[in-house]
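Chemist: could you work out the structure for the sequence below:
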Amino acid sequence: MTWETVIGLETHVELCTKTKIFCSCTTAFGGEANTHCCPVCTGMPGTLPVLNEKVLEFAVKAGLALNCAITPYSKFDRKNYFYPDLPKAYQISQLYLPIARDGEVSFSLSGGGHKTIRIHELHMEEDAGKLIHDPWLDQTKCDYNRCGVPLIEIVTEPDFRSAEEVIAYLEKLRSTLQYLGVSDCKMQEGSLRCDVNLSVRPAGSQALGIRTEMKNLNSFKAITKAIAYEARRQIELIEEGKPVVQETRRWDDNKDATFAMRSKENAQDYRYFPEPDIPPIELSSTYLAGLFKQMPEMAEAKQDRYQAQYGLPLYDAQMITGQKALADFFEECVRLGTEPKQAANWIMGEVMGALSEAGLEARDMKLSPATLARLIALVREGKLNRNTAVKVFFAVFADDGDVDEYVKAHGLEQVNDPRALAAAVEKVFKANAQSIADFQAGKEKALGFLVGQVMRELRGKADPKAVNAAVLEKLKSF
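Modeler: Here you go, the predicted structure:
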């Protein structure tokens, strides 16, 4: 039998406000355990939460960017459950009247084709604390620094059919939120993490199977592996005549498997009721119109503009706009006078290569647009050849070193003296009579060898085109 995998996502996104959703504690990542919390975010008796206006603004902007209908009258609710990471034993969230509903996200797939995922809702809530398990001491310690950090939860319909679609959606979602400036989406810090709801059914069936929920996956690699494992596990259970149990499971990276945590809760298990300490939110049309005007130029719009304004191919525009930091870097290089196609070539080649090798994202690199623009200018002015410039790039990339100082200190400026070039060609020809004879006999590789020897003689500092022309000219005399 052929099986179909059906997936829905609940993506939790930490908003990059300076303070928490209901108090003035910092949202800074890290810090000594339990130093970024107060009586409000730890839920001490007698304290009252006050909604952070910036959280509301960011949530509405996210809803608009995801093509959602914004709820003009929304409320907060209490989600009750007892767990050590929430000391007050309830979470302030939105169930009945979320801030945004009925959106959609469209994206392209690597193998071609297009996919649109429906957004069921987007709501605001507070994050919980973090539990730190110490297997050596057989202890679990609680760090409440993250309690009250503002979240938006983006809930999709069960529209995904593969891990590839899930990853493409998350990449598009991450890019959108970064362009908005509402979240840094650093998965390694938990700023973007998702719960994967997955079930399987016979291909062609319209009925949904029993689903499981895999909690708090925070890397694309883990998400891909978890989906593959859980789909296989459920199919094997059904084919063996065993039931799939609706439950919450955790993914273990070390064992490449999911493990049951607890039975899957439904809304009634949380005993939701309206949050009594926070008044309803009423949004005026003027407020919404003001936020709509503040929406920045998004990736798709930049792609169109880069093609029209700078003449970039679609592929180049898509690569550069894939990360907002790269797009900003590119635009600053162009502003500094770099020819757009040259800037794009260096960014897609050397910059992205160096980032990959260093395991960095574009926003975390130290290299400045001014440094790359200066390096490209030296090539354009004939002071460096391209190969030498690449070596300089990798030398200065890590700490944004001074290009001119590095070139001067290492004697790398391009040799443009015709007499020096002629002398090098003469010396190489005298030492390589056989290669000259090989070229005359029709062996084209001999030309490349002679050019390479002249470049070596000039310590790689000559213009390869000038060297090639000089060697060919010299060969004509034989």
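Chemist: Pro313 and Asn34: what is the separation?
Modeler: For Pro313, the distance to Asn34 equals 52 Å [C-beta to C-beta, to the nearest Å]. All C-beta atoms are positioned from the backbone trio N, CA, C, and that covers glycine.
Chemist: mind giving me the domain split of the protein?
Modeler: Using automatic domain parsing, the domains assigned to the chain come out as 3-287, 299-409, 418-475.
Chemist: got the end-to-end distance for the longest one?
Modeler: One end of domain 3-287 sits 48 Å from the other (C-alpha to C-alpha, to the nearest Å).
Chemist: do the same with the second one
Modeler: Domain 299-409 has its terminal residues 41 Å apart, counting by C-alpha to C-alpha.
Chemist: any idea where the strands of the stretch 351-478 of the chain begin and end?
Modeler: With DSSP state E, counting those that start in this stretch, there are no strands along the stretch 351-478 of the chain.
Chemist: same list, the domains of the chain, but as TSV with mean pLDDT and distance to Lys293 please.
Modeler: TSV is the format used below for the domains of the chain (pLDDT from 0 to 100; distance: least, C-beta to C-beta, whole Å):
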stretch	mean pLDDT	distance to Lys293
domain 3-287	92	11
domain 299-409	94	15
domain 418-475	73	51
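Chemist: save these as a markdown table, and put in mean neighbour count too.
Modeler: Supplementary listing: the domains of the chain in a markdown table, determined by neighbours: other C-beta atoms under 10 Å:
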| stretch | mean neighbour count |
| --- | --- |
| domain 3-287 | 17 |
| domain 299-409 | 17 |
| domain 418-475 | 16 |
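Chemist: Met348 against Asp316, yeah?
Modeler: Yes - shown here, Met348 and Asp316 form a contact pair, counting by C-beta atoms under 8 Å, at 6.5 Å.
Chemist: please name every helix or strand in contact with the longest helix along the chain.
Modeler: Secondary structure of the chain per DSSP state H: the longest helix is helix 220-239. In this structure, helix 220-239 makes packing contacts with strand 3-14, helix 163-180, strand 192-202, strand 212-217, strand 247-252, strand 257-263, judged by 3 or more C-beta pairs under 8 Å, 6 or more residues apart in numbering; DSSP states H and E.
Chemist: so which of these is nearest Cys142?
Modeler: strand 212-217 (16.3 Å; C-beta to C-beta).
Chemist: so how far is that closest one off the chain centroid?
Modeler: Relative to its chain's centre, strand 212-217 lies at 20 Å (C-alpha atoms, centre = their mean, to the nearest Å).
Chemist: sheet partners, orientation included, of that strand?
Modeler: With DSSP bridges as the test, strand 212-217 is paired with strand 192-202 (antiparallel), strand 247-252 (parallel).
Chemist: could these go into TSV alongside distance to Glu339?
Modeler: Listed next are the strands paired with strand 212-217 as TSV, based on distance: least, C-beta to C-beta, whole Å:
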stretch	distance to Glu339
strand 192-202	35
strand 247-252	47
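Chemist: which among these is found nearest to Cys38?
Modeler: The nearest among the strands paired with strand 212-217, by C-beta to C-beta, is strand 192-202 at 24.5 Å.
Chemist: may I have that closest one as PDB, with CA atoms only?
Modeler: Below are the C-alpha coordinates for strand 192-202, written out as PDB (Å, rounded to 0.1, in the frame of the first residue of the first chain):
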ATOM      1  CA  LEU A 192      12.400  29.900  16.100                       C
ATOM      2  CA  ARG A 193      11.300  26.400  17.000                       C
ATOM      3  CA  CYS A 194       8.300  24.300  15.900                       C
ATOM      4  CA  ASP A 195       6.100  21.400  16.900                       C
ATOM      5  CA  VAL A 196       5.400  19.000  14.100                       C
ATOM      6  CA  ASN A 197       1.900  17.300  14.000                       C
ATOM      7  CA  LEU A 198       2.100  14.300  11.800                       C
ATOM      8  CA  SER A 199      -0.200  11.500  10.700                       C
ATOM      9  CA  VAL A 200      -0.300   9.000   7.800                       C
ATOM     10  CA  ARG A 201      -3.100   7.800   5.600                       C
ATOM     11  CA  PRO A 202      -3.500   5.600   2.500                       C
END
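Chemist: hmm, back to that, looking at the strands paired with strand 212-217, spot the one closest to Val182.
Modeler: strand 192-202 (11.3 Å).
Chemist: what angle separates the closest one from helix 220-239?
Modeler: 30 degrees (axes from the mean of the first three to the mean of the last three C-alpha atoms, to 10 degrees).
Chemist: any idea of the angle strand 192-202 forms with strand 3-14?
Modeler: Orientation of strand 192-202 against strand 3-14 (the same axes, to 10 degrees) gives an angle of 160 degrees.
Chemist: give me the angle between strand 192-202 and strand 257-263.
Modeler: Strand 192-202 runs at 90 degrees relative to strand 257-263, counting by the same axes, to 10 degrees.
Chemist: could we number from 526 for the rest of this?
Modeler: Okay, residue one is now 526; in that scheme the one you just asked about reads as strand 717-727.
Chemist: ok now strand 717-727, how far from the chain's centre?
Modeler: For strand 717-727, the distance to the chain centre is 21 Å (C-alpha atoms, centre = their mean).
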